[in-house]
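Student: need a 3D model of the sequence below.
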Amino acid sequence: MFYRTLILFLLVTTSAWSQHPRGTAYHARRATDKITIDGILNEKSWQSARVESGFFMSKPYDSVPPVNQTAFRITFDDTFLYLAFECEDDGEDPVVQSLRRDFEFRFNDNVGFYFDPYNDYTNGFYFNITPYGVQREGLMANGGADPEDYSAFWDNKWYSAVTREPGKWTAELAIPFKSIRYNRGEWNFNILRNDLERNQVSSWIATPVQYLPASFAWSGKLIWDDELPKAGTNISFIPYVASSFSKDNQRLTPTSSDLLAGFDAKVGVTPSLNLDLTFNPDFSQVEVDRQVINLTRFEFQFPELRQFFLENSDLFAQPGFPDSRPFFSRRIGLAFDSSGFLQRVPILYGARLSGKMGKDWRVGLLNIHTRKKSELGLPDQNYTMAIVQRQILERSNVDFFVVNKQSFGLGQYNPAVYYQPGLVREIINGSDTTYRFNHYNRVAGFDFNINSKNNQFRGDIYYHRSFDEFNSENTYSAGTFLGYFGRRLSLMGGVQLLGENFNAEAGFVPNLTVYPGFTGAFMRSEYLTYPKSKVVANYGPYVELNAGWIPSGLRTDEIAELGYSVDFLNTSSVMLYTSYTYQYLTFDFNPIGGPAYQSGDEFTWKQIQLEYQSDNRKLFNYNLQTGYGGFYTGRRLNASGEINYRYQPYGSISARFAYEDIDLGEAYGKRRLFLLGPRLDVTFTNKIFLTTFIQYNNLLDNINLNARFQWRFQPASDFFIVYTENYLPSPFGSKNRALVLKLTYWLNI
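Tutor: Here you go, the predicted structure:
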């Protein structure tokens, strides 16, 4: 009986993988007549185009076809790349969050085109559409092997239409060749569909369940039977005009107004090399950062949302590890004030050249100049980065880079006492402290990024050095990482070394604000089982170990975590884990602001944590986390999560919350911390949106209101009204308020 079952399993598995294995080719021909984007495939070009279906499920299983099949066709002319999708749907109304652009893939029924137009298995684009005609576009980096390699914040101009009928919906897309960079040879691509009602992700190229189906390691080939058009002149000019009104009630200043104007531009130097320009940019329409309760000793890393920095951002951000990046774009145009709030620093201009040169080379060159901000103690500053990347083997690469930050007119400034990157503390006569800027700070180095052909092995080796006015020794940063990602077993580990004088002022290196030099090591192992069940998709344990030492060899940190997770077929999941923490303080610190523990103090504690995500297909859904255990000399009870209710498809109301009940004992204080963030998201149409976001944080003693109205009157062209106000919770009163009206227009030349 066992052998029969085994043979049947092998036959089914072999049959499954015979369906569109990676490398399968789709041949696209030039359109023979004019295509109207209306969601109706009645043109002769569509009738003669090759129709492909036979999709296979990649999640939650990878051995059977999905219940609802998908078919696609591709054609092109001198101006557009055209795609058509026909999606079977035997359910009720499709499941979507709202009509807002740039939706989340996993929370919406949608189908999309993921493609690598350079044929290097490294970088690319994606375009998705929901049954309600909502658009989503983005960038892919590092081959798309990891969820962090996808950015939906990139924005561009394209056209689409959707028609729905019983049992099927059809989407028609037109992507201007001017909106993308490409070569005229073959491309790598895949088509993905998320059928959320059935919790089935399927793809044209069959992909093992442990890998992301959009990854270029598991892609097909797009072959052009007719020659693609030459790129020709490819210039996009995006001017803006903005009017702002602000009032500072704490300083009792009169209402001030300002009129701003500037522009962005995109110039296609070659079909795969792009020049981005910006002059006097304004990012007032960018959504505010979501606040967090940070009880650690380290700075929290928020994502980059500003359009200018996004395309090819992986090239500039890739060197190093996530917590030792020599370049972090949010260091440009943003700075902390004396209260710990981020303030905008005006950018005068920026230029960025990036993209492919030949088959195996990528280059990036960036230069941005920020203007002085006297109230923050900041002078005029200039940021430059240059990087060259060479692809080697099949999917690996090596890069060499240099980052330079230059400050001007330092004699006129007395830097703020609050820490800013670039401030160097000097202790005079053992007690007096002053702060000085480096005139310059530079970081140079190389990285070797390892990716196997099928994503089973990934790794990184790097070595960087910094150069400035004050330090010449122990200015290194180095690390190595290697990961194995099997069907059931995943193993990964790494080592990181930071010299005590390594200084990356334009980067993100939070450890060096805490430690005088640092050596860290980590290891993680996870094992998943995929049962034959009508309830459970997968389950399994994991273990993770982290440790750190300072140059003297003293161990400063150790965290051991053991957990178990279960993913259910109805999209819900649960995870339970326990952790052990050891900590040696290298500076005086209290996480809740009470009397400080002293440098040299040692602590150990244990905690247990439970996390649950409900069925996100339901109109009402939520995720919750709660934990209890020790914390320094006391104990900690915490709860956090998000509750959502959507009125499909016109919007949703949600509330994020975090609660911390911390008692460190009589000598060090106790405190209850709250963070509450209700949000109203209304999408009147797929072009008109209103978002209202309130954040209350008692640790910062602040209530923040942000309301943003957006009208996308043409593709990639918008009118915004943004209102922001900060309040004192008690006694309730306005600290400051601002109103911004902004108009942007995207013009292809």
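Student: what's near enough to touch the residue nearest to Tyr580 when sequence neighbours are not counted?
Tutor: With Cβ to Cβ, 6 or more residues apart in numbering as the criterion, Tyr580 has its nearest non-adjacent residue at 4.6 Å, and that residue is Ala560. Where you see a C-beta, it was placed from the backbone N, CA and C, and this is true even at glycine. Ala560 makes contact with 543-546, 579-580 under the criterion Cβ atoms under 8 Å, 6 or more residues apart in numbering.
Student: one more time with 7 Å, if that's ok
Tutor: For Ala560, the set of contacting residues under the criterion of Cβ atoms under 7 Å, 6 or more residues apart in numbering consists of 545, 579-580.
Student: so where do the helices sit in the protein?
Tutor: Chain-ordered helices for the chain, with DSSP state H as the definition, fall at 2-17, 44-48, 313-317.
Student: rank the ones you listed by pLDDT, which is bottom?
Tutor: Averaging pLDDT over each of these singles out helix 2-17 as the lowest, with a mean of 39.
Student: off-centre distance for stretch 160-167?
Tutor: Average the C-alpha atoms of stretch 160-167, do the same for its chain, and the two points are 31 Å apart (Cα atoms, centre = their mean, to the nearest Å).
Student: quick check: buried residues in that stretch?
Tutor: 160-162, 164 (16 or more other Cβ atoms under 10 Å).
Student: stretch 300-313 too?
Tutor: For stretch 300-313, the neighbour count (16+ other Cβ under 10 Å) marks 304-313 as buried.
Student: out of the buried residues of stretch 160-167, who's nearest Arg184?
Tutor: Within the buried residues of stretch 160-167, distances to Arg184 taken as Cβ to Cβ reach their minimum at Ser160, with 24.5 Å.
Student: Ser407 contacts Asp468, correct?
Tutor: No: between Ser407 and Asp468 no contact is recorded; they are 10.8 Å apart, counting by Cβ atoms under 7 Å.
Student: what do those two both touch?
Tutor: Asn438.
Student: domain assignment for the chain?
Tutor: Segmentation of the chain into domains, based on automatic domain parsing, reads 17-224, 306-513.
Student: out of these, which is closest to Arg617?
Tutor: Proximity to Arg617 (Cβ to Cβ) singles out domain 17-224 among the domains of the chain, at 5.2 Å.
Student: just give me how far that closest one sits from the chain centre.
Tutor: Centre-to-centre, domain 17-224 and its host chain are 21 Å apart (Cα atoms, centre = their mean).
Student: hmm, back to that, buried ones among the contacts of Ala560?
Tutor: Buried by 16+ other Cβ under 10 Å: 545, 579-580, out of the contacts of Ala560.
Student: for those residues, which one is nearest Arg646?
Tutor: For the buried ones among the contacts of Ala560, the closest approach to Arg646 (Cβ to Cβ) belongs to Ser579, at 34.0 Å.
Student: let me know the pLDDT of that closest one.
Tutor: With respect to pLDDT, Ser579 scores 97.
Student: ditto for Asn455
Tutor: Asn455 is assigned a predicted lDDT (pLDDT) of 89.
Student: so what's the residue count around it?
Tutor: The criterion is other Cβ atoms under 10 Å. On that basis, Asn455 has 23 neighbouring residues.
Student: before we move on, back to that, now the buried ones among the contacts of Ala560 in TSV, with distance to Arg22?
Tutor: Converted to TSV, the buried ones among the contacts of Ala560 look like this (distance: Cβ to Cβ, whole Å):
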residue	distance to Arg22
Leu545	35
Ser579	39
Tyr580	42
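Student: next step: these restricted to strands.
Tutor: If you go by DSSP state E, these have 545, 579-580 in strands.
Student: out of those residues, which is nearest to Phe76?
Tutor: The shortest gap between Phe76 and any of these belongs to Leu545, at 51.5 Å (Cβ to Cβ).
Student: residues contacting that closest one?
Tutor: Under the criterion of Cβ under 7 Å, 6+ apart, the neighbours of Leu545 are 522-523, 560.
Student: quick one: which of the buried residues of stretch 160-167 is nearest Ser272?
Tutor: Relative to Ser272, the closest of the buried residues of stretch 160-167 is Ser160; by Cβ to Cβ it sits at 24.7 Å.
Student: do you know how far that closest one is from Asp360?
Tutor: Counting by Cβ to Cβ, to the nearest Å, the gap from Ser160 to Asp360 is 34 Å.
Student: distance of the residue lying closest to Gly627 once chain neighbours are set aside from Ile293?
Tutor: Spatially, and ignoring its direct neighbours in sequence, Gly627 is nearest to Gln609 (3.7 Å; Cβ to Cβ, 6+ apart). Going from Gln609 to Ile293 by Cβ to Cβ gives 15 Å.
Student: Tyr612 now?
Tutor: 20 Å.
Student: the more surrounded of the two?
Tutor: Between Tyr612 and Ile293, Ile293 has the larger neighbour count (other Cβ under 10 Å), namely 18 against 15.
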